[in-house]
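>>> Requesting a structural model of the entry that follows:
(chains A and B)
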Protein chains: 2
Amino acid sequence: MDLLFLGTSAGVPTRRRNVSALALIEDQGKGWFLVDCGEATQHQLLRTPLSAADLRAICITHVHGDHCYGLPGLLASAAMTGRRQPLLLIAPQAVHDWLAATRMLTALHLPFELRFHALEGFTGVAVGAWDIDAFALSHRVPSHAFRFRETRRPQRLDPAALAAAQVPRGPLWGRLHGGEDVLHEGRLLRSADFLQAAHGERRLVVAGDNDDPALLTEACRGAQLLVHEATYAQAQIDKTGQSWGHSSAAGIARFAEAQALPALLLTHFSPRYQAEAVRSPSIDELRREAAACYGGHLQLAEDFARFRLDRHGRLKALDQSGGAGDGEPQQERG
Amino acid sequence: MDLLFLGTSAGVPTRRRNVSALALIEDQGKGWFLVDCGEATQHQLLRTPLSAADLRAICITHVHGDHCYGLPGLLASAAMTGRRQPLLLIAPQAVHDWLAATRMLTALHLPFELRFHALEGFTGVAVGAWDIDAFALSHRVPSHAFRFRETRRPQRLDPAALAAAQVPRGPLWGRLHGGEDVLHEGRLLRSADFLQAAHGERRLVVAGDNDDPALLTEACRGAQLLVHEATYAQAQIDKTGQSWGHSSAAGIARFAEAQALPALLLTHFSPRYQAEAVRSPSIDELRREAAACYGGHLQLAEDFARFRLDRHGRLKALDQSGGAGDGEPQQERG
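Residues are numbered from 1 along each chain as shown, chains lettered A, B, ... in the order given. Model prediction:
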């Protein structure tokens, strides 16, 4: 699973960072998921290899515009460029109602089915190899985290089971690997008894806006990666006495440390934090604050940074689109 | 009045052209008007000197998303960056209703007043030096053109009137120029009798999507400039038998020629027309088609191209933002 950030700014876009959107890209094929869809997400997609035709599901964490105002345009353009496949949408009921109003009032015709799951009462859905469920967070409006669990993994033959059952090497192995139950010398060999997952289950959590990281305790159990907002430095929240329902870099880092999370990916930075470390306040202030509280693999996202959660659940920054994904200054890509 | 194009693509954005938006910038001060507001118009503004704080009015030609989906984000960001001044919005009633639904369903709080004029029954409004009125067009949904007339122009003293009335040169002239009626040697000299407009009335028409240019006949009377879509070449419409409610470059050019319009500015090009003249079909096909039918001052817009309608009503392409405004290939500008 790759993570490709399409927007990493909080509230308003800047020349370097668009508002929230994150693409989760399947290991094989072209399928991908979108978590949040701020305005101009479709514009960002034009600068990636991703196509709205291959989008499997859109997950919207909450109703604030910087997380959903790109939806009508993305859907309209998907329609105009030929999408006919149904599309899953997991979002607050209000987003559904807003899209319904948008379709009616702006003459938006979608020639594909939107399969809607309201977050209110959502119990999870299976899409391809992944199960998606959601956890309630704390923000100025109802907000959610999405957990992706890889419950359907590639299967390989289990050498120990084959040896224990004395299954002779040869075409038999291929048939068992292919899922076939085989009658062999009077014995019924069940494929399922000789298969095991090729690797462990990957779990990642992508959270919406949230001022109470502890609400993610259950969601993060066994997860290798948490993607979470770090809108402000703690000093800024202390100074203003106002978090606007957001977390500080320190707050979410302490949570990740307490959970012994292997990797933490921060995003959704207030535009007050400049990309250039020489200007103050800078993104580096958020990085230093988080690093002081968290000893795991810490990354700060930027637009078009791409990361891989490999089959072993390890996070790697990919050196793609000119970005090392670690927040170093780089050329404008807006 | 300057015209700064923020989006010149029809239907969907491309890497070079955003969807429709056009800024009309007053001669003096920072005030400006916005005609149409496709998705990511606020992003385009980040690459111009314009600020949403100085926006006087937004005019929306019709409800299609590529002309209005940028509204909620633009308004939200104006609010977040401190706008408190009322803002005029002239648009179809459905756009008003859509914004009302958006405000309610996405918890969008605007700390400034939206002064709404529905295009249904709109009879015009005066804003600063300009009167704005609207004319119905023909499209798949109700669509309008906006006419801007400069009815309040700078005043200067009329030398002939001063001479005829034998008003002696001196401080008296300054008082009359300043709008003061003066009692002079037993005569009441009325300021209004000695003032004249410093230049003629400028008129420009900015049209929405439209497949019947003749509907603009009255709007264009006395106008120096028409900004109009030229979504397709005529050959393309003839081949497909389908104009989707749009004009061809030839169609609108013939209308401008018949009206003896001094200047015609084309925009809203189908993404099928490539910016590079070496790729086919190209924007040059539209240019050639229009030029064959129209002998006036013809320009094809591109994103961030800036034009000036000077005080004498003459159109000039400004060499700004790296663009000559005449459709020549130029570097990518996002």
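>>> Close to chain B: what parts of the stretch 101-250 of chain A are there?
A:101-102, A:105-108, A:140-141 (C-beta under 8 Å from any C-beta of the partner chain). Just so you know, the C-beta spots here come from the backbone N, C-alpha and C atoms, and that holds for glycine as well.
>>> Which members of those are classed as buried?
For those, a burial check counting by 16 or more other C-beta atoms under 10 Å in any protein chain shown picks out A:101-102, A:105-106, A:108.
>>> Am I right that residue A:3 sits in a strand?
Yes: counting by DSSP: H, G, I helix; E, B strand; the rest coil, residue A:3 is found in a strand.
>>> now residue A:192: how far from chain B?
According to C-beta to the nearest C-beta, to the nearest Å, residue A:192 and chain B sit 47 Å apart.
>>> got a pLDDT number for that residue?
What the model reports as pLDDT for residue A:192 is 94.
>>> cool, residue A:99 as well?
pLDDT at residue A:99 comes out at 98.
>>> do the same with the one 3 residues further on
In the predicted model, residue A:102 carries a pLDDT score of 98.
>>> just checking, it touches residue A:74?
No: here residue A:102 does not reach residue A:74: they are 11.8 Å apart, not a contact under C-beta atoms under 8 Å.
>>> returning to that earlier point: closest to residue A:286 among the buried ones among the residues of the stretch 101-250 of chain A next to chain B?
Relative to residue A:286, the closest of those is residue A:102; by C-beta to C-beta it sits at 34.7 Å.
>>> any idea whether that closest one is helix, strand or coil?
Under three-state DSSP, residue A:102 falls in the helix class.
>>> show me the contacts for it.
By C-beta atoms under 8 Å, 6 or more residues apart in numbering or on different chains, the contact list for residue A:102 reads A:72, A:108, B:65, B:98, B:101.
>>> Sort out which of those residues are in helices and list them.
Using DSSP state H, the subset of those located in helices is A:72, B:65, B:98, B:101.
>>> CSV for the residues you listed, including distance to residue A:175?
Below are the ones in helices among the contacts of residue A:102 laid out as CSV (distance: C-beta to C-beta, whole Å):
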residue, distance to residue A:175
A:72, 50
B:65, 53
B:98, 59
B:101, 58
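>>> and the residue of the stretch 151-300 of chain A found nearest chain B, how many neighbours?
Going by C-beta to the nearest C-beta, chain B is nearest to residue A:271 of the stretch 151-300 of chain A, at 9.4 Å. Applying other C-beta atoms under 10 Å in any protein chain shown, we find 16 residues neighbouring residue A:271.
>>> Pretty sure residue A:56 is one of the things residue A:128 touches, is it not?
Yes: using C-beta under 8 Å, residue A:128 is in contact with residue A:56, at 6.4 Å.
>>> For the two, list the residues in contact with both.
Joint contacts of residue A:128 and residue A:56 (C-beta under 8 Å, 6+ apart) are A:26, A:31.
>>> neighbour-wise, which of those two wins?
With neighbours defined as other C-beta under 10 Å, residue A:128 and residue A:56 compare such that residue A:56 has more, 20 against 14.
>>> So what sits opposite residue A:206 in the bridge?
Beta-bridge partners for residue A:206, by DSSP bridges, are residue A:146, residue A:227.
>>> I misspoke; the intended subject was residue A:9.
residue A:19, residue A:269.
>>> Show me how the record splits chain A into domains.
What automatic domain parsing lists as the domains of chain A is A:2-154+A:198-318, A:156-195.
>>> Could you report the pLDDT at residue A:333?
33.
>>> Deepest-packed of the domains of chain A, please.
Among those, ranked by average contacts under mean count of other C-beta atoms under 10 Å in any protein chain shown, first place goes to domain A:2-154+A:198-318 (a mean of 20).
>>> Now do that one: distance to the chain's middle.
Here domain A:2-154+A:198-318 is found 5 Å from its chain centre; the criterion is C-alpha atoms, centre = their mean, to the nearest Å.
>>> Let me know the closest of the ones in helices among the contacts of residue A:102 to residue B:90.
Here the nearest of the ones in helices among the contacts of residue A:102 to residue B:90, counting by C-beta to C-beta, is residue B:98; it sits at 14.8 Å.
>>> Does anything pack onto whatever helix or strand residue A:6 lives in? Which helices or strands?
Using DSSP states H and E, the element containing residue A:6 is strand A:2-7. Applying 3 or more C-beta pairs under 8 Å, 6 or more residues apart in numbering or on different chains; DSSP states H and E, one finds that strand A:2-7 contacts strand A:21-25, helix A:41-45, strand A:306-309.
>>> so after the last one, what's the next helix or strand?
Right, the one you point to is strand A:306-309. strand A:315-318.
>>> Would you list the strands that that next one pairs with, along with their directions?
Counting by DSSP bridges, the strands paired with strand A:315-318 are strand A:306-309 (antiparallel).
>>> Extract the C-alpha set from stretch A:236-255 and format it as CSV.
Below are the C-alpha coordinates for stretch A:236-255, written out as CSV (Å, rounded to 0.1, in the frame of the first residue of the first chain):
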residue,chain,number,x,y,z
GLN,A,236,0.8,28.1,19.8
ILE,A,237,-2.2,26.4,21.4
ASP,A,238,-0.9,27.4,24.8
LYS,A,239,-0.4,31.0,23.7
THR,A,240,-3.8,31.4,22.2
GLY,A,241,-5.7,29.1,24.5
GLN,A,242,-7.4,27.8,21.5
SER,A,243,-6.9,24.6,19.5
TRP,A,244,-10.0,24.9,17.3
GLY,A,245,-10.5,21.2,17.9
HIS,A,246,-7.1,20.3,16.6
SER,A,247,-4.1,18.4,18.0
SER,A,248,-0.6,19.7,18.6
ALA,A,249,2.4,17.9,17.2
ALA,A,250,3.4,17.1,20.7
GLY,A,251,0.0,15.8,21.7
ILE,A,252,-0.3,13.3,18.8
ALA,A,253,3.4,12.3,19.2
ARG,A,254,3.0,11.5,22.9
PHE,A,255,0.0,9.3,22.0
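>>> Doesn't residue A:117 lie inside a strand?
Yes: counting by three-state DSSP, residue A:117 is located in a strand.
>>> Spatially nearest residue to it, not counting backbone neighbours?
Of all residues not flanking residue A:117 in the chain, residue A:90 sits nearest, at 4.5 Å (C-beta to C-beta, 6 or more residues apart in numbering or on different chains).
>>> Which residues are in contact with that neighbour?
Contacts of residue A:90 by C-beta under 8 Å, 6+ apart are A:57-60, A:116-117, A:119, A:122, A:125, A:132, A:134, A:146.
>>> Of those, just say which sits nearest to chain B.
Nearest to chain B among those is residue A:60, at 10.5 Å by C-beta to the nearest C-beta.
>>> and residue A:237, helix, strand or coil?
helix.
>>> State the pLDDT value of the closest residue to it other than its chain neighbours.
Residue nearest to residue A:237 in three dimensions, not counting chain neighbours: residue A:243, with 4.7 Å by C-beta to C-beta, 6+ apart. Looking at residue A:243, its pLDDT stands at 95.
>>> Same check on residue A:328?
For residue A:328, pLDDT reads 38.
>>> Identify the farthest-apart pair in the residues of the stretch 101-250 of chain A next to chain B.
A:107 and A:140 (32.2 Å).
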